[in-house]
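Visitor: how would this look folded up:
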Amino acid sequence: MTGLFAITPFGIAAPGRILFGRGEAVKAPGLLKGFGSRGVLVHGANAARASWLVEALGEAGCAIITLSCPKEPDLPMLMAAIARARDHAPDWVVALGGGAVVDLGKAVAALVPGAGDPLKHLEVVGQGLPLDASPLPFIAIPTTSGTGAEATKNAVIGLPEHGRKVSLRDERMLPRIAIIDPALTDNAPWGLTLASGLDAVTQVIEPYVSCKATLFTDAIARAAIPVGLKALASLRHQEVPEARDAMAWVSLSGGLALANAGLGAVHGLAGVIGGVSPAPHGAVCGALLGPVLRANLRAVPHDGQYGERLREVCGWIAAAMGGGAFDAPEVLAHWAKEAGLPGLEAQGLDPALLGEVVKASLSSSSMKGNPVPLPVEVLAEVMRQAL
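Guide: Model (predicted):
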């Protein structure tokens, strides 16, 4: 009888405070002022979308500078941002934008107080050392529902000279406050909604079938997967505020789940692809998800824990997108293509790099969360299907 209550030990990494709901973003200026009067605001390519927060911070008596993140951050962009931020001597950093913006803001907050070469803190190509000093208070306000970066302890940075994207990671990089206001995602273009939405769905599926899953991540991911699939399918046909709310919750759930259970082969491959092509991260994940699901279904024991969970995921896909559970990976891939998601080659990946991508992905931290190790030839077939 005792065995029925056996619980494997686990920890929980999460932002210090999470505010979720429409209208919550208006609380940001007052919360930020509580950390001091000098700040850095990181925004996306269109500065006008951040004007409401700039004005509100000015009215609150804050002295701020703004940094633009027009694309997924790389090391040169990060170094320039750190230099500008240090000159301002900020008390805090806030990021208002998509996952790339949040990653840049998180990295700036982490590295401004330290000294030396940031490369020593980066994984894979650097030493992966802990930060020299505690980060500045960081507040994340996402405007897309995708990466869940508002709830994670890492920032993804591109290194063009190495052809890789790697993580800057430290437990102290978790945001002090994450404000998820779904109203900020309303009326996002369908292409962005599709790519970021597939990323959000991937980031609740992979932790749910991860070999590092815990009771905590199970509870979060299992509830979010079917909701995310149905909400994304709904948004394909019309703008529905409730579906935007649902996708924002799924994105947050994915961030919490991956921060505590890791990811899998989709992200193991996607991190490398992003370093050797201009392909957007969410779109890459969307193209890989179906083929990786099929590969995992073939690789895991049918009657084991991972087989059961993968079949459960397939049932949710069938319920949201049609077809039968047995062919759900192919149904999902076809649905994404029909909805406008291009394959990896159309996204800018040179097919000649397929072998290089597969080989490099084996050292990815995300690959370690896959339910079982996938052989090189299986990963190569996944890539061919996603091309």
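Visitor: Please identify the helix or strand for Ser167.
Guide: Under the criterion of DSSP states H and E, Ser167 resides in strand 164-169.
Visitor: now for the helix or strand harbouring Val40, which elements pack on it?
Guide: Per DSSP H and E: Val40 is located in strand 38-43. Other helices and strands packing on strand 38-43, by 3 or more C-beta pairs under 8 Å, 6 or more residues apart in numbering; DSSP states H and E, are helix 51-59, strand 63-68, helix 75-88, strand 92-97, helix 99-111. C-betas here are computed from N, CA, C, even on glycine.
Visitor: is it possible to export the ones you listed to CSV including mean neighbour count, distance to Leu332 and mean pLDDT?
Guide: Formatted as CSV, the helices and strands packed on strand 38-43 follow (neighbours: other C-beta atoms under 10 Å; distance: least, C-beta to C-beta, whole Å; pLDDT from 0 to 100):
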stretch, mean neighbour count, distance to Leu332, mean pLDDT
helix 51-59, 15, 36, 97
strand 63-68, 17, 35, 98
helix 75-88, 16, 33, 96
strand 92-97, 29, 28, 98
helix 99-111, 29, 21, 97
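Visitor: For Ser37, which of these is the nearest?
Guide: Between Ser37 and those, the tightest spacing by C-beta to C-beta is seen for strand 63-68, at 6.1 Å.
Visitor: Provide the strand pairings for that closest one, with the direction of each partner.
Guide: strand 38-43 (parallel) (DSSP bridges).
Visitor: For the partner strand, give the mean pLDDT please.
Guide: Average pLDDT, strand 38-43: 98.
Visitor: Show residues contacting it.
Guide: 32, 49-50, 53-54, 57, 62-69, 81, 85, 88-97, 101, 104-105, 108 (C-beta atoms under 8 Å, 6 or more residues apart in numbering).
Visitor: how far is it from where the chain is centred?
Guide: 21 Å (C-alpha atoms, centre = their mean, to the nearest Å).
Visitor: between the element among helices and strands of the chain having the smallest mean pLDDT and helix 75-88, how big is the angle?
Guide: Least confident element among the helices and strands of the chain, by mean pLDDT, DSSP states H and E: strand 164-169 (a mean of 88). Between strand 164-169 and helix 75-88, the angle comes out at 40 degrees (axes from the mean of the first three to the mean of the last three C-alpha atoms, to 10 degrees).
Visitor: Give the other helices and strands that the helix or strand following strand 164-169 contacts.
Guide: Using DSSP H and E, the helix or strand that directly follows strand 164-169 along the chain is strand 177-180. Applying 3+ C-beta pairs under 8 Å, 6+ apart, we find strand 177-180 packed against strand 17-20, helix 28-33, strand 138-142, helix 241-261.
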